[in-house]
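1. I'll drop the sequence and a predicted model, then ask my questions.
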Amino acid sequence: MERVAGDFFLDDIPSGHDLYVMASVLHDWDDHHAQRILERCAAAMPPHGRLLLFEGVVRGPNEPDTFKNLDLHMAVLLGGRERSADEWDDLLTASGFRLGRILPTPGLAWIEAYATR
Ligand SMILES: C[S@@+](CC[C@H](N)C(=O)[O-])C[C@H]1O[C@@H](n2cnc3c(N)ncnc32)[C@H](O)[C@@H]1O
C-alpha cells in the first residue's frame, strides 16, 4: 500500500496499482465532480486494476431507508448525494468503469468496478 497526500482533482493519482479504494468519498460530490474523480482514477489504473467503493446504496421507492435521509443531508451540506444501484451503475459507466458486484453490509455496501479504458 502506498500512502500519498494530495488533491484528487489536481494532483497525479498514483498509477499502476492493483486496487483503488474510496470510502464515503463520492457521496460528498454531485455527479459532475464524482465523475471527474472517477475518470482520474480510471486513467491511473492498469488494465487489471480494481476499484472498490464503500458507499450507501439507496433502496427503491416506498422502502424505508436511512440513505434517503442522508441524501437530503448531503445535498444541503455539501451539494453531494446518495445513489441507488442504477445511479452507481450510470455514474461508473459514464466515468469509464464497468460495475462488477455490489456487496451489501448492514450499513454501507462494497461496490466493485473495473476500468474499461
Ligand atoms: C466523508 S470523508 C471520508 C473519510 C474516510 N474515507 C472515512 O470513510 O471515514 C471524505 C474524505 O474526502 C477527502 N477529500 C475531500 N476533498 C478531497 C480532495 N480534493 N482530494 C483528496 N481528498 C479529498 C477528505 O479529506 C475526507 O477524508
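-> That came in fine, so what should we check first? As the structure is a computational prediction, the values presented were derived from the model and not from experiment.
2. give me every residue in the chain lying close to the ligand.
-> Residues of the chain lying near the ligand by C-beta under 6 Å from any ligand atom: 7, 8, 9, 23, 24, 25, 28. Glycine gets a C-beta too; all of them are placed from N, C-alpha and C.
3. now the third one, nearest residue through space, not along the chain?
-> Yep, that's residue 9 we're talking about. residue 36 (6.5 Å; C-beta to C-beta, 6 or more residues apart in numbering).
4. from the chain's centre, how far out does the one helix or strand the one you found maps to sit?
-> Using DSSP states H and E, residue 36 sits in helix 31-44. If you compare the mean C-alpha spot of helix 31-44 with that of the full chain, they lie 9 Å apart, counting by C-alpha atoms, centre = their mean, to the nearest Å.
5. for that helix, C-alpha coordinates in CSV please.
-> Extracted as CSV, the C-alpha positions of helix 31-44 are listed here (Å, rounded to 0.1, in the frame of the first residue of the first chain):
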residue,chain,number,x,y,z
ASP,A,31,-22.4,13.7,-10.4
HIS,A,32,-20.2,16.1,-12.3
HIS,A,33,-17.5,16.1,-9.6
ALA,A,34,-17.8,12.4,-8.8
GLN,A,35,-17.4,11.6,-12.4
ARG,A,36,-14.2,13.7,-12.6
ILE,A,37,-12.7,11.9,-9.6
LEU,A,38,-13.6,8.5,-11.1
GLU,A,39,-12.2,9.4,-14.5
ARG,A,40,-8.9,10.4,-12.9
CYS,A,41,-8.8,7.1,-11.1
ALA,A,42,-9.7,5.2,-14.3
ALA,A,43,-6.8,6.9,-16.1
ALA,A,44,-4.4,6.0,-13.4
